[in-house]
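Visitor: everything below, folded, please.
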Amino acid sequence: MLTPLAAYALYTQWLYYCLDPGRFDLYFYNTIYVTATSLLLILLFGSLAAYALAKWKSRVTKFLYIFFIAGMMIPIRLGTIDLVRMMKALNLLNTLWSLIPVYVAMGMRSPLSY
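Guide: Numbers count the residues shown, from 1 in each chain. Alright, predicted model coming up:
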C-alpha cells in the first residue's frame, strides 16, 4: 500500500510523462529523413543488383540468386549483435546515421548484410 505522499509522487511523475509534448517536429523529421534515405539507397542498390543478375547469364548469377534467396530466409535478429559492434567501431552509436545501414541491410536481405 502506498502512502499518500508516495502516491502523489507517482501520480505527478506519471502526469509529467503523459502530458509532456516532447519534440514531435524533430521526431517526425528524423523519421522522414531516415526512411527516405534508406528507401533511396535500397532502390539504387537493389535495382543495380537486379539489372546485373538479369542481364548477366552464367553459373555465378545462379549462385548469387540463390545467395539472395537464402538471405531472405535468415532472420535479421541473428545479426543484431554484429551490427551493434559494427556501429560501435564506426562511432555511430546513438546517431541517425547508424539506422540507415541497418535499414538498407534489412531491405536488401543478403546473407552478407548480417
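Visitor: apart from its chain neighbours, what residue comes closest to the spatially most central residue of the chain?
Guide: Centrality entry for the chain: nearest residue to the mean C-alpha point is residue 103, 3.5 Å, by CA atoms, centre = their mean. Spatially, and ignoring its direct neighbours in sequence, residue 103 is nearest to residue 38 (3.8 Å; CB to CB, 6 or more residues apart in numbering). In short, each C-beta sits where N, CA and C put it, glycine included.
Visitor: what mean pLDDT does stretch 34-41 get?
Guide: Stretch 34-41 comes out with an average pLDDT of 94.
Visitor: buried ones in that stretch, by neighbour count?
Guide: For stretch 34-41, the neighbour count (16 or more other CB atoms under 10 Å) marks 34, 37-38, 41 as buried.
Visitor: quick one: residues in contact with it.
Guide: Identification of contacts with stretch 34-41 by CB atoms under 8 Å, 6 or more residues apart in numbering yields 96, 99-100, 103-104, 107.
Visitor: at 10 Å instead, please
Guide: The contact list for stretch 34-41 (CB atoms under 10 Å, 6 or more residues apart in numbering) reads 96-108.
Visitor: looking at those residues, which are in helices?
Guide: Of the positions in those, 99-108 sit in helices, assigned by DSSP state H.
Visitor: show the buried residues in those residues.
Guide: Among the ones in helices among the contacts of stretch 34-41, those scoring as buried are 99-105, 108 (criterion: 16+ other CB under 10 Å).
Visitor: out of the residues you listed, who's nearest residue 49?
Guide: Among these, residue 108 lies closest to residue 49 (CB to CB), at 7.7 Å.
Visitor: is it true that that closest one touches residue 42?
Guide: Yes. Using CB atoms under 10 Å, residue 108 is in contact with residue 42, at 6.4 Å.
Visitor: any idea how far residue 4 is from residue 76?
Guide: 49 Å (CB to CB, to the nearest Å).
Visitor: of these two, which one has the most company?
Guide: Between residue 4 and residue 76, residue 76 has the larger neighbour count (other CB atoms under 10 Å), namely 14 against 7.
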